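J.: I'd like to go over a predicted model; first the sequence, then the structure.
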Amino acid sequence: MDGCRSTLRAGRSRTFHARHRAAAAPHGRQHVRTAHAGGGDDQRRRGGRLASEILRAIANEYGWPGYPHAREKTIASIDPSVYQAYVGRYELRPGHVVSLTVTAGKLVLVDGGQTIELLPESETTFFELVEESEIEFIKGLDGAVTGALINGEIKARRIGPDRRP
């Protein structure tokens, strides 16, 4: 990638590296196009999410093609007892398992050390505000949840009940 490299320090232990490249913008300025965070896996995952959020905000503001643009969502008013059907462990890919649990009446996704609240758009479709992902739960013929579809393309298989201590 052509362009320059800049570093943004956040806190004491996180460093974000960003590469710049000229974009087709009316004012001819350079924009951040890719970013990653240094550090361990858990730290990189949290920093990567922050970097993604920053990139999405900039892309939305400048109308960059190829980036998903934010759309307004409405939080549905549903009975919190519905959340119990979704509690469990889901395998996103081999070796990457996340847990869904109910905490203080909210459906929560736990990925490593990060906890993300899932907000209902309907009784089977939820969204989160960190990465603006959309999660649609899939049910079998018997009505039991068998998995979830993330952003319409990543299928997460339900592999069992929540086993967190």
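T.: Ah, there it is.
J.: quickly list the domain ranges of this structure.
T.: Per the record, the chain has its domains at 5-62, 80-160, by automatic domain parsing.
J.: by mean pLDDT, show me the worst of those.
T.: When those are ranked by mean pLDDT, domain 5-62 comes last with a mean of 53.
J.: which parts of this protein are strands?
T.: All strands of the chain, identified by DSSP state E, fall at 5-10, 14-22, 30-37, 88-93, 96-103, 106-111, 114-120, 125-127, 134-139, 145-150, 154-160.
J.: only alpha carbons, please: show stretch 135-147 as CSV.
T.: Extracted in CSV, the C-alpha atoms of stretch 135-147 (Å, rounded to 0.1, in the frame of the first residue of the first chain):
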residue,chain,number,x,y,z
ILE,A,135,-27.5,-11.5,14.3
GLU,A,136,-30.4,-13.6,13.2
PHE,A,137,-31.1,-16.7,15.2
ILE,A,138,-32.0,-19.9,13.2
LYS,A,139,-34.5,-22.4,14.6
GLY,A,140,-34.9,-26.0,13.6
LEU,A,141,-38.2,-27.7,12.8
ASP,A,142,-38.8,-28.4,16.5
GLY,A,143,-38.5,-24.6,17.3
ALA,A,144,-35.1,-25.0,19.1
VAL,A,145,-32.3,-22.6,18.2
THR,A,146,-29.7,-24.4,16.1
GLY,A,147,-27.4,-21.4,15.3
